[in-house]
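[1] below are the sequence and a predicted model; questions follow.
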Amino acid sequence: MTLGFQVTFDATDPDGLSRFWAGVLGYVLQPPPEGFDSWEAFLRTQGVPEERWNDASAIVDPAGMGPRLYFQRVPEGKSAKNRVHLDVNVGAGLQGEARHEQVRREAERAAGLGASQVTVFDRPETDEYWIVLQDPEGNEFCLQ
């Protein structure tokens, strides 16, 4: 049996957060249903009021390999450290300083998209190196 899954984020701005994560992961916004040029056109035909159009958003891996990420509007803001977070392996196949440099470059790129750096972990004795960041709504994630 093959199981598929999605990762769901609570958000105050689902559209903005989905666009941030699409940029970090190389994903794309999920296309609207067949027969519609945009999500707005689809939502309009479904009778969804315009003030609710940003209640949800989703992004997908264009290669079809990674999980779908779904962003849903919630009334409350983030109040504590995440109990689950994403580790994004941006240095795959690299070792030592080459991997560290790649992780730093990707952290700078993520910061340009709206992320904030929290801390750097560098453990040379085990060749472990990762950077903890927060997305624009404060959700922690790691680049390794």
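    Done, it's in.

[2] phi and psi next, for the residue sitting furthest away from the middle of the chain.
    Within the chain, residue 125 marks the point farthest from the mean C-alpha position, 30.5 Å out by C-alpha atoms, centre = their mean. Dihedral pair for residue 125: phi -60, psi -20, per degrees, to the nearest 10.

[3] show me what contacts it?
    The contact partners of residue 125, by C-beta atoms under 8 Å, 6 or more residues apart in numbering, come to none. To be clear about C-beta, it is placed using only N, CA and C from the backbone, and glycine gets the same treatment.

[4] starting at the chain centroid, how far to stretch 126-134?
    Chain-centre distance of stretch 126-134: 17 Å, with C-alpha atoms, centre = their mean, to the nearest Å.

[5] quick one: buried residues of that stretch?
    Neighbour-count burial for stretch 126-134 flags 129, 130, 131, 132, 133, 134 (criterion: 16 or more other C-beta atoms under 10 Å).

[6] residues touching it, excluding its own?
    With C-beta under 8 Å, 6+ apart, stretch 126-134 has contacts from 87, 91, 95-96, 99-100, 103-104, 107, 110-111, 115-123, 140-144.

[7] and if you look at stretch 6-20?
    In contact with stretch 6-20 (C-beta under 8 Å, 6+ apart) are residues 21, 29, 54-59, 67-74, 76-78, 86, 113-115, 135-137, 139.

[8] redo that, cut-off 10 Å
    Contacts with stretch 6-20, where a contact means C-beta atoms under 10 Å, 6 or more residues apart in numbering, come from 21, 27, 29-30, 39, 53-60, 66-78, 82, 84, 86, 110, 113-115, 135-137, 139.

[9] and what of stretch 93-102?
    With contacts defined as C-beta under 10 Å, 6+ apart, stretch 93-102 is touched by 90-92, 103, 120, 122, 124, 127-131, 143-144.
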